[in-house]
Structures are given as structure tokens and as C-alpha cells.
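Asks: Sequence and predicted structure are below.
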Amino acid sequence: MPGTNLTHDEARTRAALVSVESYRIDLDLTASETTFPTTTTVTFGCREPGAETFIDFVGVSVEEITLNGRSLDPSVHYADSRIALPDLAENNLLIVTATGGYTNTGEGLHRFVDPVDEEVYLYSQFEVPDSRRVFAVFEQPDLKATYEFVVTAPSHWRIVSNTPTPEPEPVREGVARWHFPVTQRFSSYISALVAGPYDVVTDSVTCRAGEIPLAIYCRKSLTPYLDAEDIFALTRQGFAWFEEEFDQPYPFTKYDQIFTPEYNAGAMENVGCVTIHEKYVFRSKPTEALVERRALTILHELAHMWFGDLVTMRWWNDLWLNESFAEWASTACQAEATRWSDAWTTFTAYEKDWAYRQDQLSSTHPIVADIRDLHDVFVNFDGITYAKGAAVLKQLVAYVGREHFREGVRAYFAAHAWGNTTLDDLLRELEAASGRDLRTWSRLWLETASVNILRPVLEVDAAGIITSAAIEQCALPGFDTLRPHRLAVGLYAVQGEALVRTHRFELDVDGPRTEVPQLLGMAQPDLLLVNDDDLAYAKVRLDERSAATALAHPRGFGDSLPRTIVLASLWDMTRDAELPARDFIEAVLATLPGESDSTLLTALLGQLTTAVYLYTDPAVREERRATVRERLWDLARTADPGSDAQLQLVSAATGLIAAGDDAATVLDLLSGAQVIDGLDVDFDVRWRLIIAAAAAGAIGPQEVEAERDREDTVTARERAATARAALPRADIRDDVWHDVLTRDLPNAVVESAGLGFTRLGAPRELLEAHVGRYHDALLGLLDLPSLTIAEAIARGFYPRGLANAELLAATDAWLEAHPDAPDLLRRVVRENRDPIARALAAQARDAVAPE
């Protein structure tokens, strides 16, 4: 039996056979706390009357199936996720009456009870294949249709879907029915339903199609923290920029943004009904990095209304283009139309770092991946699909020119609005606009895996004049593809403590060696930066003089982007065991005072923590950790009171508290016995301190529970799950492990517990005790009802903090013993393993005494 999978071949066969006209979905949300009645009426055509196909449904049961007036026995025609439909007519009417089940895993129709007021909130999450958890559907993106939702629910609720919410009709006391207008044609994975007593703020935006209603929804208990005006202002900026950039009016009838609890992703681009993780409703003072991330997320989903919703991929092998384009477009919009003019710095610090890490795992794959079935889609929601794809699109913009890129994209939308497309359709329009042959470019960039290294090679005479200059390119071990790069080279001079750019030029780099005649006859600069402005996607190396300059003047750059590029190069060298962790740590500590770019600061502090715990020579790790932690506390005390930097430094310092540490500073900040001028120990800061105290063993489970009960919200429960799992006690860790394997815990609680359980700095003996049982449990994870939960456990409970040869050997032994384990599981295990091998090499490099 097929289980819940669907292959690409099956989807192609079905798309060739049927065309779908419409769905009517009748749902009753008043029947039960666990299930809901669902009736789907489908009209569809068949190109070969008499043929057979199937429709998808994943639920508790199917009660009735009626095809063209003929009753089909569910016990015969329904199995796993499929309802068999025999003897089709040219025009067909199908009615399926069934029972669906609510989830707490962020898949299908998620049900949440707010602990603050016991109110019930529902929201749908259908990408990739989960609209079938709510209604019977031909679950593939190229079978577009219209949707008509009819929803029975408590009368005090608000119901939101893809079209404007109608006035409800009374059904009985306390119950009403909402009959939504029919939608435009689009794919099932971007249909949506949100229901519950959400609060709402409304507004509108004037755009090419006229006045478009805007709304923002959140749970009642979050309303005091909702900064709706900022979100509306950003949304309007996005509308104006995207309509101009794409030369297409906003295609839908309204635009709602709903902040939802226990969400699995950042957000989802449902047509006119975008769901967003409610972490972006800030109940405490947020870092500017988090505010910027929210802005990027909002613009990313808005970009999808055109690229993804109006024009949609034919199959999931072009998922990368859907996500990468939205990532590129949202960053470009942010940089050009909002206050975040340094958005490309953030892109370099976060997105590209994610891409480089993902691309150097053993699971790396071409951007255009071979998506054979739905299981392949699940594992390819990764840094290559999102971040590398977006970085390569940025390179493509440089390669063809921004104006030509814009012209090609506009032609693409004009030609394919409301349709399904492939990558070739976009490339064809870009070739026509630019005159460039993109087939070779596509083959080298999109159809091959891994990343190249670019390094400058200079010869200099006795007077310091460059006599020979080239950029050498190589592939990583196991790969042989060399790619064309359009990039900039920057020359920087030390002027006092500053690094000032004196020259910049662009060139095309291709093959193993590219001569750079522009440099001949010039004095060797203090710092030569290959890939200045970060146009290319490549690992960049500094020549010896440039590296020394960078380490001596880490804050020399006045602009954040070159500073980020150089620090990213140093970080990459550390990860590759070319630069000792101690040198990177000192460079970061020298950079931190006065660093004003919030996202760069966030990235650097995260890298600093990783370098201390995973890349430092184990013989000096504890001493170095204590030293770095105290330096961070000192920096926090001397930072501008109440500043973004102060908040981040405190957070980073708490992350370097480990089991057995003296947690006096943390406890004093919690009690008020110690005060850091300007630091507000608000909800978020307080929980960071609680988690650190728990990890140190300075408090126990009773104190964690008491803190949770002080303000019993869903966020407090999730933070308490982290704190409890971080306690350095074997009995509690045993309970946590048992609970995530056997209890029906919400996805957010499982993920939160994992953060504490494998927190860096956990006692080595407790991590060692977990190695065997972790590997023993892996195969059983696939028996869990949710792949989302299975993956959260497999990734979140791997004892990476050990970072030693014994852990690597145990993981290698599991892989060797289970060659036939499902690809999805083996991939997760390999992706857990690879950073351990990298850490061991970095530790060995750090152990080499300085010359």
C-alpha cells in the first residue's frame, strides 16, 4: 500500500488524466475536541472516460463516497491516504463524507487551547501535503481549482479563509455558519482556514486593483503586545514595491496576516490568509535583529502572493525557485523600500551562512533536486532550497544585470499568471531579456551540488608592487564543478584604525585560474577582498597579508557588509580547521564593543558560542569558556544602558553557563540583588536567566515550575520545558526522553525540550549515557504519527555537545548497521554526524601551539 506518500510519476499520470474545477468543503467545528465532520464536494473532468484514479484524504474515517450518484463502499475504496475512483465519466461529481482529526503538531488543522483563558484557536497548515487532512483533495500543485468553504463554528468565533469573511448565519444557540465566497483558482496547499476568538485590527492599502482590505489577527491574550501599525506600514511598503517590480497588480481580494501559536515554520503564504509564527508578536523588548527578521518574513510571504500563488510550480522539484525567489525579492524590497537598507548584510550573515553550512554536509544536493515523491520534499526544506537558491539568484541578477532581470520577471508573470510553470519558463524569459545563454549557467549552478573556494594569488616585487594577480577557484573534495562568478574585488587601506576602500572593480571569474590585470602595477593593499559587496556564492579566502590585517583591525570597516564578509571568511576558515578557534574567538571579542549591526551581532555571538563549546581544544575548553563568559558579562555591564547590544551580550553570557558553574550573577539578576544598568529583566530575559540557572544546577524542578506558574502562558510552558530538560539530573532527563517518545506532546514542547536536553554545556556523563539509547530509538521514530515530531526528536535530541570521537564512532556504527533505513532518517543522522567530524578537526587545529 502507498501509505501517505505520492510519487512524481503518480502525480504526472493523474494530472494528464483529470482537470479539477471546484471544491466545496463543509466543516463542522462544534462536534468534538478531537475530530470534526468534513464533507467535500468535488467537480472534475476526466480526459479518458472509463479510467480510474484516486483522490487523497488522511483522517479518522470515511463514512460515505458518492461518485456521479453511485455509492462506493469506503471499506473497499478507501485505504491509507487514498480513495479509489473507478469508471470515471467525462464530467464528474464526487461527494466524500468523512471525519478529520485535529492535530497538535502544526500539520493539517492544528488545535490549541490558550492556558490564559482556555479559549480554543484553530489554524490550518497545508504545505506540503496536508490539505488532505481536512478535506478530500487531489493533493498536487498542478491541479488548481476553486474553493468554497462552509464552516459551522461557535458564533463568538472569527472565521478566516482565502476570501473575505461573510456575515454568519445563526444555526442554533451559540452556533453559526459562515458561507465563504468562491475563490480564484489556485493550488490546494495554499488554501486555508483559521478559526477561533481571535482579535483583529483592520486597515487597507490602495494599490493598482483599488482598495485592498488588510487585517491582522492574534489571540486575545496577545493583543496588548500587537504592534499593528508597524506591520501595516511595512505591508504597504511591500505592496508598492512588489507591484512596481513585477508590473502586476495584487491578484487577490484581501490580505490577512494571522499570528498563530505552536507554529512549525516562520510563516505560510496561504492566498490572502497568511499565517505567521506568533513569536513575532513581541511581549518583551525584542532585538533589532528579531524585528528585522519579522519584516523579512512578512515581505517573504507577501512576495509569494505573486511568485508561488499567482504563478505556481508544477511539481515540488521547483520548490526551491518558489522559496528562493521570495527570499531574494523580500531582501531586495527590504533594502530598497524600508528602513532596513542594510538588508544584504543580514542576508550575508544569516541566509548565506545557512547555505554554506548546508551545502557542505554529506547530504548536499543540487538546487534543482530530484523530488521523486513527497518524502523527498519533506527533507528538502533546507538551506539549499531557501538560502543557497536565493544567493544564486542574487548572483544571477549580477550576471544578467538588474534591469534585464526585472524585465524577464515581468514577462514571466505576464505570460504565466494563474498557471503552473517550471524553471525553464523563467529562464526563457530571462534569456530573451538579457541576451545571455543561461542553459550552461543553469547546468553549472542549479544542477550540481556543493560550493567553490575562491582565493587571490598575488606576486609582489621588493617595492610592494603587484606583478602578478589571479583568482584561483577550486572545488571541495568529492566534487569537480567549477562555476562562472560575477563578482567585485575591493582594495582597502589602513587609515588610523579604519579600513577604507580605495578601489573597486567587477569581473567575471571562471575556470581554475582567472587573471586579474586590473591589479597589475598597483601597490599591494592592506586588505584585498574578493567578493566585495557579496555578489557571488563562494567560500572566500584572504591572502596572508589581508588575513593579518583583518585580525588586527576587526572593527576597521565603517560599513557593515565588508565587515560581515571578512568575518564570515574567518569563520569559514575556523570551521575548515584552517584558523584556530582561539584566533577567531579573539577577533570576535575585539569586534563586539560598539558593534551596531544587530543581526551581525547575533550571528557573531552564536558563532562565538559554537567555537567555544565545539571547536576549542578540549584541554583548554573549560578555562576558555569561563574567560569568554566573564568578558561577555563585562561587555554587557559597559554597553550603552538598555541597548540592543547589552541585551544580546547578556543572552550570550547566559549561554556560556554550564553544569556546575557558579550561577551567582544569574541568581542575583533574578532576585534583583544585582542590577545591570539599563537591563530590563522582562519576561524573555527572566526565562533566559532561569534556563541558565537550571543548566548550572543552581535551581531545581520546583523553581522551574514556580516560574512557569507566575505567568502561565504557552510561551512560559515552552520555556519551562527547556529549563526542565536542561537540569543536570539523570532522573529528570530520563523522564523527558520518555515523554517525548510516548506522550502526545505539541510540536513546540518537543522542540523546546530538545533545546534544553542537548544544551551545550550539559554534563558529559549525562550526554554519554544518552548516546546508546538515542541511536536505539531512531528506527522507532518512524512509527510516530507525525513526521514533524519524528524529525524534531531525531535532530533535537542528538547529543552534539559531546563532540568527541566516541560519539562520531557510535553514529557511524548506526549508519553502517542500517544501510536500508529510510532515506529521510539516514539523512537526518548524517546531518547530525557531519558537524561532529568537523568539530574534531577544528579541535585538533586549535590544539596546535601558535608559532
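Replies: That came in fine, so what should we check first?
Asks: Pull the residues that contact stretch 50-59.
Replies: Stretch 50-59 has contacts (CB atoms under 8 Å, 6 or more residues apart in numbering) with 4, 6, 14, 17-18, 38, 40, 42, 46, 78, 81-88, 94, 96, 98-101, 108, 129-130, 132-133, 135-139. Backbone N, C-alpha and C define where each C-beta goes, glycine included.
Asks: In this structure His553 contacts Gln495, no?
Replies: No: shown here, His553 and Gln495 do not form a contact pair, counting by CB atoms under 8 Å, at 10.2 Å.
Asks: Of the contacts of stretch 50-59, just the buried ones, ChimeraX syntax please.
Replies: The following ChimeraX selection, which keeps only the buried ones among the contacts of stretch 50-59, applies the criterion 16 or more other CB atoms under 10 Å:
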select :4,6,14,17,18,38,40,42,46,78,81,82,83,85,88,94,96,98,99,100,101,108,129,130,132,133,135,136,137,138,139
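Asks: Backbone dihedrals for Leu520, please?
Replies: As for Leu520, its main-chain torsions (degrees, to the nearest 10) stand at phi -60, psi 130.
Asks: which strands and helices sit next to the helix or strand of the chain with the lowest mean pLDDT?
Replies: Lowest mean confidence among the helices and strands of the chain (mean pLDDT, DSSP states H and E): helix 374-379, at a mean of 88. With contacts defined as 3 or more CB pairs under 8 Å, 6 or more residues apart in numbering; DSSP states H and E, the packing partners of helix 374-379 are helix 823-847.
Asks: Off-centre distance for stretch 500-514?
Replies: From the chain centre to the centre of stretch 500-514 is a distance of 32 Å (CA atoms, centre = their mean, to the nearest Å).
Asks: Any buried residues in it, and which?
Replies: Along stretch 500-514, these residues count as buried under the neighbour rule (16+ other CB under 10 Å): 501, 507, 509, 514.
Asks: from those, which ones fall inside strands?
Replies: With strands defined by DSSP state E, the entries of the buried residues of stretch 500-514 inside them are 501, 507, 509, 514.
Asks: which one among these gets closest to Leu825?
Replies: The shortest separation between Leu825 and any of those is 39.4 Å, and it belongs to Val509 (by CB to CB).
Asks: mind listing what the spatially closest residue to that closest one that is not a sequence neighbour touches?
Replies: The spatially closest residue to Val509, leaving aside those adjacent along the chain, is His485, at 4.4 Å (CB to CB, 6 or more residues apart in numbering). If a contact means CB under 8 Å, 6+ apart, then His485 has 395, 452, 454, 473, 508-510, 536-538 as its contacts.
Asks: ditto for Arg717
Replies: Shown here is Arg717, whose contacts under the criterion CB under 8 Å, 6+ apart are 115, 708, 749.
Asks: Then Leu561?
Replies: With contacts defined as CB under 8 Å, 6+ apart, the neighbours of Leu561 are 342, 344-345, 348, 533-534.
Asks: Same list (those residues) but as CSV, adding pLDDT and neighbour count.
Replies: Formatted as CSV, the contacts of Leu561 follow (pLDDT from 0 to 100; neighbours: other CB atoms under 10 Å):
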residue, pLDDT, neighbour count
Asp342, 96, 21
Trp344, 97, 22
Thr345, 97, 23
Thr348, 97, 27
Asp533, 97, 19
Asp534, 97, 24
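Asks: Narrow those to those in helices?
Replies: 344-345 (DSSP state H).
Asks: Save the contacts of Leu561 as JSON lines, and put in distance to Leu319 too.
Replies: Formatted as JSON lines, the contacts of Leu561 follow (distance: CB to CB, whole Å):
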{"residue": "Asp342", "distance to Leu319": "29"}
{"residue": "Trp344", "distance to Leu319": "24"}
{"residue": "Thr345", "distance to Leu319": "27"}
{"residue": "Thr348", "distance to Leu319": "24"}
{"residue": "Asp533", "distance to Leu319": "29"}
{"residue": "Asp534", "distance to Leu319": "25"}
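Asks: Please list the outside residues in contact with stretch 335-347.
Replies: Residues outside stretch 335-347 that contact it (CB under 8 Å, 6+ apart) are 234, 237-238, 240-241, 289, 292, 295-296, 299, 331-332, 334, 390-391, 394, 534, 560-561, 564, 597, 599-600.
Asks: hmm, 6 Å instead?
Replies: Residues external to stretch 335-347 that are found in contact with it (CB atoms under 6 Å, 6 or more residues apart in numbering): 237, 241, 292, 331, 334, 560-561, 564, 599.
Asks: As CSV, could you dump the C-alpha coordinates of that stretch?
Replies: These are the backbone C-alpha positions of stretch 335-347, laid out as CSV (Å, rounded to 0.1, in the frame of the first residue of the first chain):
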residue,chain,number,x,y,z
ALA,A,335,16.9,47.0,1.2
GLU,A,336,15.2,49.4,-1.3
ALA,A,337,11.8,50.2,0.2
THR,A,338,12.1,50.0,4.0
ARG,A,339,14.3,51.3,6.9
TRP,A,340,16.4,48.2,6.7
SER,A,341,18.8,49.5,4.0
ASP,A,342,21.5,47.1,5.2
ALA,A,343,19.3,44.0,4.5
TRP,A,344,22.0,42.5,2.3
THR,A,345,24.3,42.5,5.3
THR,A,346,21.7,40.4,7.1
PHE,A,347,21.5,38.1,4.1
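Asks: you'd agree Thr549 is up against Asp526?
Replies: Yes: in this structure Thr549 lies within contact range of Asp526 using CB atoms under 6 Å: 4.7 Å.
Asks: which stretches of the chain have low pLDDT?
Replies: Within the chain, the ranges that satisfy pLDDT under 70 run 1-2.
Asks: rerun at 50
Replies: Within the chain, the segments meeting pLDDT under 50 span 1.
Asks: For Leu122, grab phi and psi.
Replies: Note on Leu122: its backbone torsions stand at phi -120, psi 150 [degrees, to the nearest 10].
Asks: Next up, the contacts around it.
Replies: Neighbour list for Leu122: 109, 111, 195-196 [criterion: CB under 6 Å, 6+ apart].
Asks: With Ala136 instead?
Replies: With contact taken as CB under 6 Å, 6+ apart, Ala136 is in contact with 40, 55, 57, 96.
Asks: For the last one, identify the helix or strand it belongs to.
Replies: Pointing back at Val96 there. strand 91-101 (DSSP states H and E).
Asks: Please parse this protein into its domains.
Replies: The domain map for the chain lists 1-197, 201-306, 313-446, 452-536+538-550, 577-656, 658-728, 729-851, with the assignment taken from automatic domain parsing.
Asks: for the ones you listed, which one sits closest to Ser569?
Replies: Checked against CB to CB, the stretch from those lying closest is domain 452-536+538-550, at 5.0 Å.
Asks: What is the neighbour count of Glu765?
Replies: For Glu765, the tally of surrounding residues (other CB atoms under 10 Å) stands at 11.
Asks: Quick check on it: phi, psi?
Replies: Here is the backbone geometry of Glu765 (degrees, to the nearest 10): phi -70, psi -30.
Asks: Val740 versus that one, what's the distance?
Replies: Between Glu765 and Val740 the distance is 21 Å, computed by CB to CB, to the nearest Å.
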